[in-house]
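Engineer: Requesting a structural model of the entry that follows:
(one chain, ligands or ions: 1)
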Amino acid sequence: MDSHELPDTEASNNAGHWKHYYQTVKHNPHRPLVGSAAESNLSQSRLAVDCGCGTGSEIAFLLGQGYRVEAFDINPDAIQVCRERFAGNPEVNLHLSSFEDYHYPQAGLVIANSSLFFCNPQSILQVWSDIEKAICPGGVFCGDFLGMKDSWVGGSFPKVAPLSPHQIEKMFESFEILKWVERDEAGHTAGGAEKHWHSFTIVARKS
Ligand SMILES: C[S@@+](CC[C@H](N)C(=O)[O-])C[C@H]1O[C@@H](n2cnc3c(N)ncnc32)[C@H](O)[C@@H]1O
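Structural biologist: Numbers count the residues shown, from 1 in each chain. The predicted model follows:
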């Protein structure tokens, strides 16, 4: 999950605890993977959706690539940072919303970097179904899922939604997988706390 590591609080599902994380990452550059995902979009749509957009590093990059961006986050602090960052830019629409409640528009690119696994475990497959329907044929998904061996699973993060490789493969049955990177190793959070990472980073194009 490269430089976009996650907050080290044990209560990261609580919106208030993201503040420190946002301060840490708000000047981060975009994730290089998003560049290759943006280039792999073969659909006619130059609309990108950033799910759980945080402080908007990917939004800034995608605007520079000629995309219009719809972005949402459940955390008002994140949306406030983005509102200030993209004030007056008609190519950006920001929404305070959860993965479950967001109305996903048809898009050529859907980004969910280090975010979707904070979805309610009971909802993640429905959320994925909504995302899959929203991606235009030839459009691309880029994002991360959490695996079963991650140290947050079943412990201090009751609301993370881990998935098995088999589940992820099934979710992407109607996609061409362009990148599949499994991370299974000791690592750190953005705040430097030790944790075991088990994640799957996927870039895939819808058939
Ligand atoms: C680790 S940050 C990643 C932010 C951004 N995607 C990035 O890569 O810099 C995860 C983001 O997901 C958001 N998030 C967590 N649960 C969410 C939910 N149920 N619906 C929408 N966003 C959520 C958090 O508020 C946070 O901003």
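Engineer: Am I right that Glu91 is in contact with Gly66?
Structural biologist: No - applying CB atoms under 8 Å, one finds Glu91 not in contact with Gly66, separated by 9.2 Å. Every residue, glycine included, has its C-beta placed from N, CA and C.
Engineer: neighbour count winner among these two?
Structural biologist: More neighbours surround Glu91 than the other of Glu91 and Gly66, with 14 against 9 (other CB atoms under 10 Å).
Engineer: contacting residues for that one?
Structural biologist: When the contact criterion is CB atoms under 8 Å, 6 or more residues apart in numbering, the partners of Glu91 are Leu63, Tyr67, Arg68, Val69.
Engineer: cool, Pro137 as well?
Structural biologist: For Pro137, the residues meeting the contact criterion (CB under 8 Å, 6+ apart) are Ser43, Lys206, Ser207.
Engineer: In a markdown table: those, plus secondary structure and pLDDT.
Structural biologist: Rendered in a markdown table, the data for the contacts of Pro137 read as follows (DSSP: H, G, I helix; E, B strand; the rest coil; pLDDT from 0 to 100):
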| residue | secondary structure | pLDDT |
| --- | --- | --- |
| Ser43 | coil | 98 |
| Lys206 | strand | 98 |
| Ser207 | coil | 98 |
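Engineer: element containing the residue of the chain most remote from its centre, please.
Structural biologist: Counting by CA atoms, centre = their mean, the extreme residue of the chain relative to its mean C-alpha position is Gly88, 24.3 Å from that point. If you go by DSSP states H and E, Gly88 is not part of any helix or strand.
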